[in-house]
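Undergrad: sequence and predicted structure are below.
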Amino acid sequence: MTFDRMTLAIILVMMIAAALCRLAGYGFIRFVPLTPRVEAGLKAVPLAVMIGIMGPPVLKGGLPEILGLIATVASVRLGLNDLIALVAGMSTVATLRALM
Amino acid sequence: MTPAGVRRGATMALPFCASSIVYGLAFGLMAAGVGLSTAEAVAMSALIFSGSAQVAVVQAWSGQPSLPAVFAMVVVANVRYVLMGAALRSWLAPLGPLKASLALLPLVDGSFALASRARAMGDNDAGLLVGSAIISYGGWIVGTGVGTMAGQLIPNPKAWGLDFIIVAFCAASAVTLVRNRTDIWPALAAILAVWLCELFAPGPWTVVAAGLAGAVVAAIFYREPSPESARESTP
């Protein structure tokens, strides 16, 4: 177990920053009056955030990512199990990356 | 929040655990490369649990780093969690502030996606959020530790398509989350926000911009239920 003092300081600063981010939204929304309008906005966050997470890799990627996305969505639409949908997407991406 | 929910979340998140391990290995290798010991790297992964923030800080590693700069880097990489925390408020509030905070500390993209989706399908057990986060957390720590010692052995995560797990999961969830036509406009706003961000200023704020765009559009388009529809819904 070796800990450098500067490294320890960095780790602690990073920990505080990360914890603050994870707790801040929950803490500050308490002061926002939860009108039906605000609730409608918050309800839309999960879908919008997921679009924000998957958007950049797909836009930056190419054919493998786009076809992987189609394979995943098609599997879900066909009523297949989630895990199968994930594997379908991943294997499509991996195969096309190996070929291209 | 029930123990059964935690277990269910953990089981559902096993694919995230697999990708956490492999990305943990990659991070461990990187950390060892700049001279961090196994204990230091594992402590960092255990206390921060944020791949993007840790990679950003370690990539910029130098003998005399500025602590405010480190702080800023981690905040920028993690602003998206502020938005997710706000969205989780109505779900976690019944737990009380202490339990809610403990449930939020291991929050990650995967657990947020998994739990939001389960919630949209009527499963309100907050244990899903915690269980899916914990299993990814375990993978991240184990991966980091092994990576500092045997990082050279790792497969290239991209060649295996492991970077695509979170994308695929978000896509699968998005399909389930779009319930009716009112969900379309916030989704389109989010897509537009992503596209604009990627065009002009790609970075960690893309997720935040998408989330805010969706929320603002949903709030603007919100209509009070009309008296007629209220009457219809009363039996």
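TA: Noted; the coordinates are in hand.
Undergrad: now the helix or strand encompassing A:Thr95: average pLDDT?
TA: Element membership for A:Thr95, per DSSP states H and E: helix A:82-99. Averaging pLDDT along helix A:82-99 yields 89.
Undergrad: with stretch A:38-51 instead?
TA: pLDDT averaged over stretch A:38-51 gives 89.
Undergrad: between the two ends of it, how far is it?
TA: Length of stretch A:38-51, first residue to last, CA to CA, to the nearest Å: 20 Å.
Undergrad: if we can go back for a sec, which helices and strands sit right next to the helix holding A:Thr95?
TA: helix A:63-77, helix B:164-177 (3 or more CB pairs under 8 Å, 6 or more residues apart in numbering or on different chains; DSSP states H and E). The way it works is simple: take the backbone N, C-alpha and C, and place the C-beta from them, glycine included.
Undergrad: flag every buried residue along that helix.
TA: Using 16 or more other CB atoms under 10 Å in any protein chain shown as the test for burial, helix A:82-99 gives A:82, A:85-90, A:92-94, A:96-97.
Undergrad: returning to what we had before: so which of the helices and strands packed on helix A:82-99 is the most packed in?
TA: With neighbours taken as mean count of other CB atoms under 10 Å in any protein chain shown, those reach their highest mean count in helix B:164-177, at a mean of 24.
Undergrad: what's the average pLDDT for that helix?
TA: On average, helix B:164-177 scores 85.
Undergrad: same check, this time on stretch B:204-211
TA: 88.
Undergrad: the closest residue to chain B within chain A: how many residues sit nearby?
TA: The nearest approach of chain A to chain B comes at A:Ala48, 2.4 Å away (CB to the nearest CB). Neighbour count for A:Ala48, taken as other CB atoms under 10 Å in any protein chain shown: 35.
Undergrad: which residues touch it?
TA: Applying CB atoms under 8 Å, 6 or more residues apart in numbering or on different chains, we find A:Ala48 in contact with B:186-187, B:189-190, B:193, B:210-215.
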